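> here is a sequence with its predicted model. Questions after.
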Amino acid sequence: VSGEIADDMLMITPSASSLDVTKGKTTVFQVCFTDPTMGTSAAKFLAENYPDENTIAFDLKNEDLFVMKNDKEEIVATISIDHDDAVEALTCWRADLAPSGELSRLCVRKDMQGQGIAKTMMNYACDVLKSRGMKGVHILVREGHVVALSTYAKIGFETVGECDLFDKHFICMEREFQRG
């Protein structure tokens, strides 16, 4: 599901927020951590810098932010199609897969992890990219994020390199879309 920025309010809140906190807000972006190594420093960075209102507005305007809600209308997962020149400039990506899309900001609420939701979100976003004429997709994964690396490998992503961007070390993964 994607949407537009509402005039009334944009709210960034932890994934643990109850409906009482988000009630009446039409545009809520819930930030959650799937990896305990992200910890306090990541929380501080996210709170101060990312995703900021401009990032969220950009994703919404381009119909690049997707959320999954449960039957209580709580956001349980998010993913974005990203457009980052620094990532696109990496030399590890296969030239024969151009044009290719980038996925980022995949997040599954902690109490919903282990149920295949990340895989569902990735496959949905990949279907969107394929419908937009992309030949493949790539993603940066924080080094040491074993669960994400394993999940992405199971759905066809291959490790194609490593990089240092945004003051972090990442594993670069890529997947070719099946033609047909």
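Done, it's in.
> quick one: buried residues of the longest helix along the chain?
Determined from DSSP state H, the single longest helix within the chain is helix 117-131. For helix 117-131, a neighbour-count test (16 or more other C-beta atoms under 10 Å) marks Ile117, Ala118, Met121, Met122, Ala125, Cys126, Val128, Leu129, Lys130 as buried. Where C-beta positions appear, they are placed from N, C-alpha and C, glycine not excepted.
> then stretch 74-82?
Neighbour-count burial for stretch 74-82, counted by 16+ other C-beta under 10 Å, picks out Glu74, Ile75, Val76, Ala77, Thr78, Ile79, Ser80, Ile81, Asp82.
> residues making contact with it?
Stretch 74-82 is contacted by residues 15, 19, 28-30, 51, 59, 62, 64-70, 101-109, 112, 117-118, 120-122, 124-125, 128-129 when judged by C-beta atoms under 8 Å, 6 or more residues apart in numbering.
> just the buried ones out of the residues you listed, please.
So, by 16+ other C-beta under 10 Å, the buried ones in the contacts of stretch 74-82 are 15, 28-30, 51, 59, 64-68, 101-109, 112, 117-118, 121-122, 125, 128-129.
> which ones among those lie within helices?
Those of the buried ones among the contacts of stretch 74-82 lying in helices (DSSP H): Asp59, Ile117, Ala118, Met121, Met122, Ala125, Val128, Leu129.
> where is pLDDT lowest across those residues?
The member of these with the lowest pLDDT is Asp59, at 77.
> from what I see, Leu149 and Ile171 are in contact.
Yes. With contact defined as C-beta atoms under 8 Å, Leu149 reaches Ile171; the gap is 6.4 Å.
> for these two, indicate the residue with more neighbours.
Between Leu149 and Ile171, Ile171 has the larger neighbour count (other C-beta atoms under 10 Å), namely 20 against 17.
> which ones are touching that one?
So, once contact is read as C-beta under 8 Å, 6+ apart, Ile171 ends up touching Leu140, Val141, Arg142, Glu143, Leu149, Thr159, Gly161, Glu162.
> of those, just the buried ones, PyMOL syntax please.
To isolate in PyMOL the members of the contacts of Ile171 that are buried, counting by 16+ other C-beta under 10 Å, one can use:
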select buried, resi 140+141+142+149
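> closest to Leu90 among the contacts of Ile171?
Gly161 (7.1 Å; C-beta to C-beta).
> next secondary structure after the helix or strand hosting that closest one?
Gly161 is part of strand 158-165 when elements are defined by DSSP states H and E. Next in sequence after strand 158-165, counting helices and strands by DSSP H and E, comes strand 168-176.
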